[in-house]
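> Provided below are the primary sequence and the corresponding predicted coordinates.
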2 protein chains.
Amino acid sequence: MVHIGFIKSPFKKLENMPIQSVGAQSTEGSVHIYPDFVQGLKDLDGFSHIYAIYEFHKSNNYNLIVKPFLDDTKRGLFSTRAPKRPNPIGLSIFNIVKVINETILVKGVDVLDGTPLLDIKPYVSKFDIIHNSKNGWLEKTMNKSDTIVSDKRFK
Amino acid sequence: MVHIGFIKSPFKKLENMPIQSVGAQSTEGSVHIYPDFVQGLKDLDGFSHIYAIYEFHKSNNYNLIVKPFLDDTKRGLFSTRAPKRPNPIGLSIFNIVKVINETILVKGVDVLDGTPLLDIKPYVSKFDIIHNSKNGWLEKTMNKSDTIVSDKRFK
């Protein structure tokens, strides 16, 4: 995998971080694209949101059964967004504030400072909004993601 | 990157495929997880939708400026969902029909048969629905994704 850039955020440590972008809507950060890839940012300024695909670069192993931040019950890893995964690939939705040359100012940052970036895709309402989805074990607890922050369990 | 499984679909060739999952809502396929990772599927059956993160395994180069399927204008790659990217990582939202042991029967399959799977994350309405997003150059054309199919341009 090539690093196409990196993400700057206020979070220097794995603890006390927002666990989802929705819990960090006002948190500002920036996405910095390396020179070889800047041309690909053309037209991105018309979009309000992007999917950022990045490396969980502090993640070095995983368990298939985990106790997620939002529950006290052990869950199958692929039914969670836990950061330690067979492929340490993270997915967040950031709100674009402004695109300035190689820099994208964003809100909703829920990643560690210096996180390596793998890809950007535009968030497209027609493709990405699923109406009436069923949210499994998260149905009861997903609203807590606004307030719950991370602890040391995935360190 | 580890392949945690693969995706079966009716699409054997890059041409005439749906270009987004929304254009393939009734297309059935299946996700097959390798034995080492099956335990991680626990609890997934409570969810109606998943993000599948996979390799565009037929993608072997890229351009930073592309003419996407949904437009006649050249666009910056990162403002598109075009398959040829610096990191050939694909993102689709599949509708779970049923989880049976190591197999997930799904609808909405818009990938090639045999596509290697990298990760599964649950789609969670609270995290993943963005209200009032602006969809840039796709605003006018995104609804065509229901009917337009791929051609040879990204072969």
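That came through, no problem. Fair warning: this is a prediction, and the values are worked out from it, not measured in the lab.

> distance of A:Ser59 from A:Met17?
Going from A:Ser59 to A:Met17 by CB to CB, to the nearest Å gives 13 Å. Where C-beta positions appear, they are placed from N, C-alpha and C, glycine not excepted.

> neighbour count winner among those two?
A:Met17 (22 against 18; other CB atoms under 10 Å in any protein chain shown).

> what sits against the more buried one?
A:11, A:110, A:112, A:149-150 (CB atoms under 8 Å, 6 or more residues apart in numbering or on different chains).

> same thing but 6 Å
Counting by CB atoms under 6 Å, 6 or more residues apart in numbering or on different chains, A:Met17 makes contact with A:11, A:149-150.

> again, but for A:Lys42
B:Gly76.

> quick one: pLDDT of it?
At A:Lys42, the model reports a pLDDT of 98.

> quick check, nearest of the contacts of A:Met17 to A:Val106?
Nearest to A:Val106 among the contacts of A:Met17 is A:Phe11, at 13.6 Å by CB to CB.

> so what's the closest one up against?
So A:Phe11 contacts A:17, A:112-113 (CB under 6 Å, 6+ apart).

> measure the closest residue to A:Val149 other than its chain neighbours to chain B for me?
Distances taken as CB to CB, 6 or more residues apart in numbering or on different chains place A:Asn16 nearest to A:Val149, at 4.9 Å, with adjacent residues excluded. Using CB to the nearest CB, to the nearest Å, A:Asn16 is found at 19 Å from chain B.

> which element is A:Asn16 on?
Applying DSSP states H and E as the criterion places A:Asn16 outside every helix and strand.

> tell me how many other residues surround it.
Neighbour number of A:Asn16 under other CB under 10 Å is 10.

> check it and give its pLDDT.
Value listed for A:Asn16 in the pLDDT field: 82.

> what ranges do the helices span in chain A?
A:125-128 (DSSP state H).

> circling back to that earlier point, which of the contacts of A:Met17 sits closest to A:Met1?
Taking those together and measuring to A:Met1 by CB to CB, the closest member is A:Phe11, at 22.1 Å.

> now the closest one: phi and psi?
When read as degrees, to the nearest 10, the backbone of A:Phe11 gives phi -100, psi 110.
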